[in-house]
Each structure stands twice: as C-alpha cells, then as structure tokens.
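Engineer: Following is a predicted model, sequence given first.
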There are 2 protein chains.
Amino acid sequence: MAARNLLVDVHTHVYLPRYASVLRSRATAPRILSRPTPNGQGTEERLVILENEPSGGRPVGPQYWDRDEKLKFMDKHGIDISIVSPFKSDSTANPWLDFLSPAEAPSLASALNNDLEAYCSTSPSLASSLRRLYGFGLLPLLPTVPTNTLLSTITEITSLPHLKGIIMGTRGVGKGLDDDALEPVWEALAKAGLVVFLHPHYGIPSGEWGERDNGHVLPLALGFPFETTIATTRLVLAGVLDRHPTLRLLLAHSGGCLPQLSSRLASCIDHDPAVASRLQHDARWYLGRLYFDAVSYGREELAFVAECVGRADGYDKNTPRVSQARQRTLGSSHLLFGTDHPFFPPLSESEKWRSVTENLDAIDGVEGWGEEERKGVRGGNAARLFGLY
Amino acid sequence: MAARNLLVDVHTHVYLPRYASVLRSRATAPRILSRPTPNGQGTEERLVILENEPSGGRPVGPQYWDRDEKLKFMDKHGIDISIVSPFKSDSTANPWLDFLSPAEAPSLASALNNDLEAYCSTSPSLASSLRRLYGFGLLPLLPTVPTNTLLSTITEITSLPHLKGIIMGTRGVGKGLDDDALEPVWEALAKAGLVVFLHPHYGIPSGEWGERDNGHVLPLALGFPFETTIATTRLVLAGVLDRHPTLRLLLAHSGGCLPQLSSRLASCIDHDPAVASRLQHDARWYLGRLYFDAVSYGREELAFVAECVGRADGYDKNTPRVSQARQRTLGSSHLLFGTDHPFFPPLSESEKWRSVTENLDAIDGVEGWGEEERKGVRGGNAARLFGLY
C-alpha cells in the first residue's frame, strides 16, 4: 500500500507562537529580544538562552514558529509527515517550561498542547484522515507541580487526537528520570499509549569543555548525547522498564552513546551485584525495548544501533542468539528517520539541509538492509509506533 | 611466523610497590590503610580514593602490585605479553601523581619509570629478546612542572628499552589536552615514537549521576568513556593531530563513545565554520589516525569501531570510499586486545575473568573478520604498534 512509502520525520522542533510571545515578554534569559540588524537597516530577533551569551544570542525567525515554513521545508525534502516537538533544546540550558513558576506552568502547558493540536489538525491532508503534521505534547514537569496535575495533563493530551506522544527532558520533576515520584507518570503514559520522546536539554557541566573557544561544538556534539545516555541508563537502573513493559521511549540522536556503552554497562552492572540483583535483565536486553531516531549522520552508526537492538532478545535466555547480519536487519524496526529541523540550517541559501540529506543517505547506505528495512526506517516504523495509519 | 599468534594485553594496570608505599604513608586520600578484617582475625588493606568513601575504600591486594600475580593471571588466560600501565584510574578521582607537589612528582616519576623498566626487563623471556612484560612510562604532568622537566622525562623513558609508550590522563598540565603548553610534549612524544595510552581518570562531575545508589556503575560505565571522548575530541579540535601526524594515540575502552558520536561531531563542526576552518580534515578522518583497545565487551562494538576506522580515509577527497564490509576488515588493524586487569575480578574463585573471556569472545565473534584480522587484534597489531618483534 502506498502509505508504506511515506517519509516521516520524528525529530523536528517548533516554537509555538504563544511560547515565542512569552519569551518576547521576558527581561531575562531565556528570552527573545529585538535589536538593530548589523547594517542598521532594520531589526532582527535573537534568542538568548543564557545571560551574556556570545554574539548576543542566536538568530531566530519564522522557521522556528511559522507552520508554512515547516511545510515548505518538508516539501523541499520530500517529507510527507512530521511529528513536531514544541520548543527546542539546545547546547546548554534552554527554555522549555522550567523557567516558569509551578503555578504558571500547567496552564501554559495546557494552552500549548491545544495550540499544537490546532497546528496539526488544520494542517494539509495527505489522504482521508491522515494529516501532514502530528505532535508531541508537553507536561509541566517542574518540582512542586503535583502528580495529579501531571496526570490530568496526560489525560488532556490523550484527548487531543493529533498528539501522539510527549516530549520529555531528562530532569523529570527535578531529580531525574529515576525518581520514584515519576512512577504514576510512567504508568499513565504507558496506559495512554503515548510515546515518550526523550530529548536532551542541558548537556553536562560546561567546565568539561575547557578554555578553548570551540563554538557550540562540544556541548552539542557530545554534551547532548551524554545527557540522553545518562538519563536512559538511570531510568533502566531504576527498573522503570521492568515495571512498565508497555512504555514506549523514543531516544533522540540515536540514543546518544547508549549503544556503544551498553556492553560495558552490562559488565559494570554484573560486577556490582547490588545493582545487578535489582534488574530483571542484562543491560543490553533493554535496548530492544527502546526506539531510536535515525539522526546520527552515518550509515555505520545506524547499522550499529540496529545491531544493538537486534541482539537484545539474545540476552533473554529463552531466545536463541542470531547472526550479526540478522541483528542488523531485525533491529532496523526500532529506528525512525528524523531531521532536527530547524537546527543545522544549510550553509548556503539554495542547498538542501545536510541534516536531511546525510540522514537519508545513511539509511540508503546501510549494507544488508533491503527495501523493506529502508522503507521502515524512512516512515513505516513511525507509522506503526505512532499509529498513524 | 609463530610470534604472530601471540596474545598481547595492552590495557592492564599495576601499582608499583614504591607507589603503594607512598600511598601507605599518607594520612589523607588517596591512601592505602590497614584495618581489621570483618571477622576480626587479621588485617586487610583498603584503597581510599576519596575521604569518607563508602565501605571504607576498596579492597586491594597483591594482584595490584605483585608481578607474580600478574604473570599467574596471564598464564591462566593464555596471555603471552602484557604492556602494563603503572597506577590505575578509577571511577571518580584517583591517584596518579597529581596529589604530589610539583617538586616531588618529577623524581617520583623517574624512580617509578626505572622500577617499571626493572619489572619488565627481568620478566620471563618468551623467545630470544622478547619478554612477557613491557610498560607505559609516566610523565609528571602537573601544573607548574616546567616543560623541560617533561621533556627530560620523555628522554629518560626513551632510554628504557622495555617502556614502549606513556600512559596519560586527560588533564595535561591542568587545562586538558588542548592546551598549547603541551605542544613540545606532543612533538617530543611523536619524535621518540612513544605510544600515548590515553586513559580516563576523573569521569565527569558526579552530580550527573543523581541521588539513587547505583554503586560504581554510572561513573565507571559512562563517566570514564565520556572523559576519554571529551579529551580526544578537544585534542582533535585543537589541531594536535594535524600538527603531529606521526603521534600515535591509543584510546582506552575502545575510544569511549567517540566512534558513535563521530558523524554527529563532523556535522556540528561543519555547521560552526569558525571551528571547521581550523581543521584540515572531516572529524571522521581523525579516527583512522587513532588506535583503540578492544575493551568494549561485545562483537558489535568492535565491528563498529573497526568500521569507523576503516571509513576514515574515505573522508580524504583523494581516497575512494569502500564498502562497509571492507571498512570493518580494514579498520581491524587499529584495534588491540586488552583486559583492564586487575579490575572487574571474577565473581567466583575458580572462574576465568569475564573481562578477558568476553573481550576474546568479541574478537572471535565479529562477522566478516578472518583469521588474519583476529590474529591482528589479539596481538599482531600490538606487536606492530609497539615494535615488539
């Protein structure tokens, strides 16, 4: 069926206009400010994430909040459907909702979830009831926001038919994703069938990057994936996946470095019996429970992540191990195309976005994958995971 | 020739007796203390790395300093040659020389390098002049130790025939490995043909591990590889490999997560033109310049690291890209067996060390490698890199 050939982007960000307005109204970071353009002939907006940010913040513009810009980008690259994540994360610390007070956050989250539903539900149709835009909702995850408020927001999101999951950072309600306070949240998310898109946001302490000016390279290229890796590992070690077998987590940036460290992790756990005894499975088994966006810019990376997913069941004693080649094929079903739009814009005006072309080339390049696996990673796996069609 | 079938361990630690004595003489961490055994029938030694360490420090014993114990371990597992690293690193911060004053460190480094030469040169012979033990020397890398002292130590190490390289942490003389102050050191190491074994030591700030008690799992399984990844990336971004094309670096734990993040790193660099313009090559090219121990506990990890090494030359515009399968074969030449002894001891008395058996099984398990590649990773690559025979 034709729908199986769709290209679906599961990792694409949006600043909803209501959120941009909140940022424009603020006098301290995070904020959006207006300033004269360098040539003095007009004004430009800058997104300031940290006070005293170098170069006065980053350029922001319609590609961040204008739906037509999102659709134009999709058309240019042949993307049929996008599952957008409101707000964005960036290299150091960046606005989600945690700069708000616990009293403001829940109502803003509700308003934004409704905005996002409208953004998606009024987007162009592809076929019958299929739209071009779907979204991840937001929870007001802040310390002191009561669990009941979080659970009500989950109920609200479930009632919004174009929201197919939630985007979540790594801090939970302040103490990370291994916090027992999140137990009812995991339970509700699993029950609601909402996919949790786990996305980094803070990186690691910037002292690790040294004194040399390397722009945003180190926090973006290393800090973000480290953060995702730590959060997912802590969640696994806390037994969340043991207790919530139907919870579905999608990891940004192909899971950071969790795949490459997963056998080391298994070995370290085995040598720390107090930890090992808490878990039901070898650490590598849990990778077969997770989903990974295919935003890693290389065929070797994708192939490897697929092998790590495909080997997972072999760590269950009742399942026979399979060949490495077979692992690569099997594991492809947990990888999902993504672009990270509107970040990493093209280096020249006319150019296609490399974050798109490189991630598509990577899918095409994996040796051992046939048409079936490539179609799955391009869109079929997303359609299944999110129940799109 | 028979020598090509040797099993060589490039990642194995030793506390030289002189160093253990220094630790025993200290009243504050890092130190080795004696205390009554739990049954009250004798005394035991504990290695205390941090004040108020849980369980009063870790057990230490002859496997840390007794050469016979090292040789027994080698015999039990069929290891022909070990290239030992004096001291060890551990999960948080751990004694190398940086607790010493700049006045003490150089002379202790010299004494320890001479101790290590004796430890190796009087070890059993394998054949003609080939011994069972070789070593990595130490530099007194501390802030305020003059460059000339470091260069003299390099000269001394070069004169000790059984020392084939140096072990190095990630802090250099205090500001990391991207510090311009290290330029003469890199130059001297490259000229001397000494391999630099880059080993983590500090992890990342422990606040990232959260409040839950996960033993040593997170700092060991994640913190160590993160540290190596950051240090190597900073070194690459500083142009060290561009300026010192003959410098040979061996990365602990298969390079941490550098392979899995290398395409993302390349993408982030390309989108930060000020950084990109400083470098001569795509970030992935540099992985072909590096060597990786094969201490990653899984065949999929080894295969992937080999592919990342094997694809590196393809990022030079004059070299054609090759198939993924060919990358895996080509790249095997930069992988070298290791055990991380005496860490991760067996879980029962009679058992072989899983850090050995799992890393050997991983080498045997890589699909696409033939006898030639396996022999290389087991020992042939080490023999060539270190000029053993």
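Structural biologist: Yep, it's here.
Engineer: Chain neighbours aside, what residue packs nearest to A:Ile83?
Structural biologist: Of all residues beyond its chain neighbours, the one nearest A:Ile83 is A:Tyr134 (4.6 Å), with distances taken as Cβ to Cβ, 6 or more residues apart in numbering or on different chains. For the C-beta atoms, the positions are set from N, CA and C on the backbone; glycine is no exception.
Engineer: Going by contacts, tell me the helices and strands next to the helix-or-strand element of chain A with minimal mean pLDDT.
Structural biologist: One helix or strand of chain A scores below all others by mean pLDDT, DSSP states H and E: strand A:58-59, with a mean of 80. Helices and strands touching strand A:58-59, as assessed by 3 or more Cβ pairs under 8 Å, 6 or more residues apart in numbering or on different chains; DSSP states H and E, comprise strand A:43-48.
Engineer: Off-centre distance for the strand it packs on?
Structural biologist: Centre-to-centre, strand A:43-48 and its host chain are 25 Å apart (Cα atoms, centre = their mean, to the nearest Å).
Engineer: Who are the packing partners of it?
Structural biologist: For strand A:43-48, the packing partners by 3+ Cβ pairs under 8 Å, 6+ apart come out as strand A:31-36, strand A:58-59.
Engineer: Relative to that strand, what are the paired strands and their orientations?
Structural biologist: Here strand A:43-48 is paired, per DSSP bridges, with strand A:31-36 (antiparallel), strand A:58-59 (antiparallel).
Engineer: Name the surrounding residues that touch the shortest one.
Structural biologist: In this structure, residues lying in contact with strand A:58-59 by Cβ atoms under 8 Å, 6 or more residues apart in numbering or on different chains are A:Glu44, A:Glu45, A:Arg46, A:Leu47, A:Ile49.
Engineer: got it, and the first one?
Structural biologist: If you take Cβ under 8 Å, 6+ apart as the criterion, strand A:31-36 is touched by A:20, A:23-24, A:42-48, A:56-57, A:60.
Engineer: if we can go back for a sec, beyond the least confident helix or strand of chain A, next helix or strand please.
Structural biologist: helix A:62-65 (DSSP states H and E).
Engineer: got TSV for the helices and strands packed on strand A:43-48, with mean neighbour count too?
Structural biologist: Formatted as TSV, the helices and strands packed on strand A:43-48 follow (neighbours: other Cβ atoms under 10 Å in any protein chain shown):
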stretch	mean neighbour count
strand A:31-36	15
strand A:58-59	14
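Engineer: least reliable of these going by mean pLDDT?
Structural biologist: Sorting the helices and strands packed on strand A:43-48 by mean pLDDT places strand A:58-59 lowest, at a mean of 80.
Engineer: Reformat the helices and strands packed on strand A:43-48 into a markdown table and put distance to A:Asp242 next to each item.
Structural biologist: Output for the helices and strands packed on strand A:43-48, formatted as a markdown table (distance: least, Cβ to Cβ, whole Å):
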| stretch | distance to A:Asp242 |
| --- | --- |
| strand A:31-36 | 42 |
| strand A:58-59 | 41 |
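Engineer: out of those, nearest to A:Asp68?
Structural biologist: strand A:58-59 (18.7 Å; Cβ to Cβ).
Engineer: Can you pull the poorly scored residue ranges out of chain A?
Structural biologist: For chain A, applying pLDDT under 70 flags the ranges A:1-4, A:50-55, A:87-99.
Engineer: What about the spatially closest residue to A:Arg289 that is not a sequence neighbour, how many residues nearby?
Structural biologist: Nearest residue to A:Arg289, sequence neighbours excluded (Cβ to Cβ, 6+ apart): A:Leu241, at 5.4 Å. Neighbourhood size, A:Leu241 [other Cβ atoms under 10 Å in any protein chain shown]: 21.
Engineer: list the buried ones in the helix or strand in which A:Leu241 is found?
Structural biologist: Assigned by DSSP H and E, A:Leu241 belongs to helix A:240-243. Applying a neighbour-count criterion of 16 or more other Cβ atoms under 10 Å in any protein chain shown, one finds A:Val240, A:Leu241 buried in helix A:240-243.
Engineer: Same question for stretch A:309-326.
Structural biologist: Residues A:Val309, A:Gly310, A:Arg311, A:Ala312, A:Asp313, A:Gly314, A:Tyr315, A:Gln324 are the ones in stretch A:309-326 that count as buried (16+ other Cβ under 10 Å).
Engineer: helices and strands around the helix or strand following the helix holding A:Leu241, which ones?
Structural biologist: Proceeding N to C from helix A:240-243, the next assigned helix or strand is strand A:249-251, under DSSP H and E. Packing contacts for strand A:249-251, counted by 3+ Cβ pairs under 8 Å, 6+ apart, involve strand A:195-198, helix A:224-237, strand A:291-293.
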